[in-house]
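Chemist: Quick check, what structure comes out for this input:
(2 chains)
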Amino acid sequence: MEISVQVNGTGHVTDVEPRRLLVHHIRDDIGLTGTNVGCDTSSCGACTVLVDGESVKSCTMLAVQADGREIITIEGLADGDTMHPVQQAFREHHGLQCGFCTPGMVMACVSLLAEQPDPSERDVREGLEGNLCRCTGYHNIVKAALAAASAGANR
Amino acid sequence: MIPSAFDYVRADSVDAALAALAEHGDEAKLLAGGHSLLPLMKLRLAAPSVLVDIGRLAELSYIRDAGDHLAIGGLTRHRDLETSELLGEEAAILRHAAGQVGDPQVRHRGTIGGSIAHGDPASDLPAVLLALRATMVLQGPNGERTVPVDDFFTGFLETALDPTELLTEIRVPKVPGAGWSFQKFNRRAQDWAIVGVALVRNGTTGIGLVNMGSVPLRASAAEVALDGGAEASEAASVAADGAEPSADLNASVEFRRHLAQVLVRRAIDEAS
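Modeler: Numbers count the residues shown, from 1 in each chain, chains lettered A, B, ... in the order given. Just a heads-up that it's a prediction; the model follows:
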């Protein structure tokens, strides 16, 4: 089936099998490999992208369900060489260890701050509950999220 | 993990969805947000040959004031429930519980109708609808019928829905000012409840249990006890009566029965 998606502002028209998962469409058809596949069971959140501005686990969505929608991946956040405030905060506060969860963690954080621009620490911890860090580096991830909020990432 | 191949039909109206179901019968499954069905398909525990995608039927996404009850469209997402002021005023337990489902990503996609139609006894919302004594509205080839929540869950992952029917609406009695509590016990954020309890006290008492059997269950003995004037401790002691929970990695049968009693006790205390 032919689908048309906007990914990071660029239109892509592709013929996909109905069973094609969105994450495979993004990685293998479109070639943006920043979005990771972690658990493949909708648990870990490594595959989180924004669909029409909201965080979604792209391993649990069919590409055909994304037809006509606007997708933002980790590659679409920075403005040229200028990092998105959430990326900048993760860098400054070392919100990562191995980095595998980071693309999904950053995208979930962007979505969270769009819904709650001024979250408490508890809001951040609950808001990121769909993302697992296998290094257990949550402390600095939460710090980064709060710093991004204070910097007005989504105000 | 890749689902088995299937044919994909995108329905652009309720009638089109019903026509597709009539054509393909039990070979077909409806796809709403996909957050119950797609994981099963990826594990190949489900392999429908036709998926009828109703995810774009905006006409089935709403929360309306309908006099003595709220009418909630089957495709209303958990996210829409947890942010609805109307729901917060008239049936606050449902708004709260919707915010406990899965995680934000799941709530951005998952729908109340999809969750209820899946009939998973470990899901949060069926127990809440039992406590609220909700009614399901089903559309089929011969028109509409309504099914009380007590008759809706018929077996493990089985419901009163016929393969040719679509769950279009959930009717929730308004209970403004009612005492309520939703207790979800798990070990890790984001997990399913090991046991959960939904309790609403509004003149009479409604108590739904999560993960205490093969279907979402009502704690009838505890309801009767409370409405007969029993003390909280006495009512909680019969919370697991009639329940036949299973054992798994998280909990033994005995621990689940114990949890049901403790959580019902906490729920009674919180709701009063």
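
Chemist: Count the residues that sit near residue A:25.
Modeler: 25 (other C-beta atoms under 10 Å in any protein chain shown). All C-beta spots, glycine's among them, are computed from the backbone N, C-alpha and C.

Chemist: Quick check: it touching residue A:15?
Modeler: No. The criterion here is C-beta atoms under 8 Å, and residue A:25 misses it with residue A:15 at 11.0 Å.

Chemist: Quick check: which ranges of chain A have low pLDDT?
Modeler: Low-confidence segments of chain A (pLDDT under 70): A:154-155.

Chemist: Show me which residues of the stretch 51-200 of chain B sit near chain A.
Modeler: Proximity of the stretch 51-200 of chain B to chain A, by C-beta under 8 Å from any C-beta of the partner chain, involves residues B:51, B:53, B:55, B:79, B:102-106, B:108-109, B:189-190.

Chemist: Swap in 7 Å and give it another go.
Modeler: Contacts of the stretch 51-200 of chain B with chain A, taken as C-beta under 7 Å from any C-beta of the partner chain, map to B:51, B:53, B:55, B:103-106, B:108-109, B:189-190.

Chemist: So for stretch B:57-73, mean pLDDT?
Modeler: Computed over stretch B:57-73, the mean pLDDT rounds to 97.

Chemist: Quick check: buried residues in it?
Modeler: Neighbour-count burial for stretch B:57-73 flags B:57, B:60-61, B:63, B:69-73 (criterion: 16 or more other C-beta atoms under 10 Å in any protein chain shown).

Chemist: out of those, which are inside strands?
Modeler: Of the buried residues of stretch B:57-73, the ones assigned to strands by DSSP state E are B:63, B:69-73.

Chemist: quick one: which of those residues is nearest to residue B:5?
Modeler: Checking these against residue B:5 by C-beta to C-beta gives residue B:73 as the nearest, at 30.8 Å.

Chemist: Okay, that closest one and chain A: tell me how far apart.
Modeler: Separation of residue B:73 from chain A (C-beta to the nearest C-beta, to the nearest Å) stands at 18 Å.

Chemist: My guess is that residue contacts residue B:62. True?
Modeler: Yes. Between residue B:73 and residue B:62 a contact is recorded at 4.3 Å, counting by C-beta atoms under 7 Å.

Chemist: one step back: and the two most separated of the buried residues of stretch B:57-73?
Modeler: Farthest-apart pair in those is B:57 and B:69; separation 21.6 Å (C-beta to C-beta).

Chemist: can you confirm residue B:21 is in a helix?
Modeler: Yes. Residue B:21 sits within a helix when classified using DSSP: H, G, I helix; E, B strand; the rest coil.

Chemist: got a list of what it touches?
Modeler: Counting by C-beta atoms under 7 Å, 6 or more residues apart in numbering or on different chains, residue B:21 touches B:28, B:52, B:163-164.

Chemist: how does it look with 6 Å?
Modeler: B:28, B:164 (C-beta atoms under 6 Å, 6 or more residues apart in numbering or on different chains).

Chemist: Compute the distance between it and residue B:142, please.
Modeler: To residue B:142, residue B:21 is 13 Å away according to C-beta to C-beta, to the nearest Å.

Chemist: With residue A:27 instead?
Modeler: 46 Å.

Chemist: out of these two, which sits in the more crowded spot?
Modeler: Using other C-beta under 10 Å, the more surrounded residue of residue A:27 and residue B:142 is residue A:27, with 19 against 9.

Chemist: host element of the spatially closest residue to the more buried one that is not a sequence neighbour?
Modeler: Leaving out its chain neighbours, the residue that sits closest to residue A:27 by C-beta to C-beta, 6 or more residues apart in numbering or on different chains is residue A:33, at 5.2 Å. Per DSSP states H and E, residue A:33 falls between elements, in no helix or strand.

Chemist: How many neighbouring residues does the residue in chain A positioned nearest to chain B have?
Modeler: Residue of chain A nearest chain B, by C-beta to the nearest C-beta: residue A:130 (2.8 Å). When counting by other C-beta under 10 Å, one arrives at 27 neighbours for residue A:130.
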